[in-house]
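*Asks:* output the structure for:
(chains A and B)
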Amino acid sequence: MKNIHLIDIDWDEQSINEVAAHGLYPWEVDEAALYDTGRQAKLVSDDRHGERIQVLGTCECNGKKLRIFIRMIDIEMGVGRVITAWEV
Amino acid sequence: MSEKMLEQEAAKEWAQGEDVDLGPVPKRRMSLLTIRIDRETLNGLIQLAKREGTGPTIEARKILQEGVQARIDMPFEATVRQAMETAKRAVESILENGYSPPAITEKRQGPAKKPAVPAAKKPAVKKAPVEDAARVMAVVKANAAGIKLTEIEKKTGLARIKAARVLKGLIDSGRIKKDQSLYKPF
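*Replies:* Take a look at the predicted model:
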């Protein structure tokens, strides 16, 4: 098992727009990716997108189960950026 | 690509992916705050974030946290102390060098001016209002459960009307609150 600590998510316009296109708010993704104690994660990669983390987590406030794709922008500080996310 | 296909592809990837331990859930839970800023500031923030090697929201949060902390860390007492130091230096300078008022160019009409009092014999400088406020604040802080005006009057040695005026100022500035007849620190 690989250890990649995810402590924070940095939101830029692109990632906010991307999750909005799937009907999600950044805070829902934050809850599922950062604060869900039962979150699961896998390191996935393909030729098109390269290496990224796929997280399955639940948003505490509304119970939405989300699939979130994250690219780490600062591994040392545990900061990632959301590539996309949607409700499973 | 449809959402269904996306989900199928993601699930397939998930099955092939390597397990990752994301570490413990952060203890300090963050709340979300949405703010509107102009494009110029946002661009500046993005540039700053790039320079720091982070993202714009992380940088914005850092700036906010530092700013808020700096304001919280500058307690009322420190502000008062700073003002008192400035006043003390000014008084010392006057006592040492004398006070020469700025030259008046226009000829004043009215009664003749009293002769100037030599600097050394000047009456003692009255206690600055900031000092009164600091004394009242200290007494209120020492009585977290609340203290009455009469007690404040006794403990600070201030006249009731003066103590009440200082208390009103402290309430207006949000330093203390009044609960019925008791004054309490915030």
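*Asks:* residue contacts, the spatially closest residue to residue B:26 that is not a sequence neighbour?
*Replies:* Leaving out its chain neighbours, the residue that sits closest to residue B:26 by Cβ to Cβ, 6 or more residues apart in numbering or on different chains is residue A:7, at 5.3 Å. From N, CA and C alone the C-beta is placed, and that goes for glycine too. For residue A:7, the contacting residues are A:34, A:77, A:78, A:79, B:23, B:26, by Cβ atoms under 8 Å, 6 or more residues apart in numbering or on different chains.
*Asks:* can you verify the first one is assigned to a strand?
*Replies:* No - under the criterion used here (DSSP: H, G, I helix; E, B strand; the rest coil), residue A:34 is helix, not part of a strand.
*Asks:* helices along chain B, start to end?
*Replies:* B:3-16, B:39-52, B:56-73, B:76-97, B:129-142, B:149-156, B:160-172 (DSSP state H).
*Asks:* so which of those helices is the most surrounded?
*Replies:* helix B:129-142 (a mean of 19; mean count of other Cβ atoms under 10 Å in any protein chain shown).
*Asks:* output the contacting helices and strands for that helix.
*Replies:* Counting contacts by 3 or more Cβ pairs under 8 Å, 6 or more residues apart in numbering or on different chains; DSSP states H and E, helix B:129-142 packs against helix B:76-97, helix B:149-156, helix B:160-172, strand B:182-185.
*Asks:* quick one, the first one and helix B:129-142 angle?
*Replies:* In terms of direction (axes from the mean of the first three to the mean of the last three Cα atoms, to 10 degrees), helix B:76-97 departs from helix B:129-142 by 150 degrees.
*Asks:* and the gap between the spatially most central residue of chain B and chain A?
*Replies:* Nearest to the geometric centre of chain B sits residue B:71, at 4.4 Å (Cα atoms, centre = their mean). Look at residue B:71 and chain A: by Cβ to the nearest Cβ, to the nearest Å, they are 24 Å apart.
*Asks:* before we move on, what about residue B:3?
*Replies:* 7 Å.
*Asks:* contacts only, for that residue.
*Replies:* Here residue B:3 is in contact with A:22, A:86 (Cβ under 8 Å, 6+ apart).
*Asks:* redo that, cut-off 10 Å
*Replies:* A:22, A:86, A:87 (Cβ atoms under 10 Å, 6 or more residues apart in numbering or on different chains).
*Asks:* ok, now residue B:80?
*Replies:* Contacts of residue B:80 (Cβ under 10 Å, 6+ apart): B:128, B:129, B:130, B:131, B:132, B:133, B:134, B:135, B:137, B:138.
*Asks:* hang on, the earlier thing: could the helices and strands packed on helix B:129-142 be laid out in JSON lines, adding mean pLDDT and distance to residue B:61?
*Replies:* Shown next, in JSON lines, are the helices and strands packed on helix B:129-142 (pLDDT from 0 to 100; distance: least, Cβ to Cβ, whole Å):
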{"stretch": "helix B:76-97", "mean pLDDT": "81", "distance to residue B:61": "26"}
{"stretch": "helix B:149-156", "mean pLDDT": "87", "distance to residue B:61": "41"}
{"stretch": "helix B:160-172", "mean pLDDT": "83", "distance to residue B:61": "31"}
{"stretch": "strand B:182-185", "mean pLDDT": "88", "distance to residue B:61": "29"}
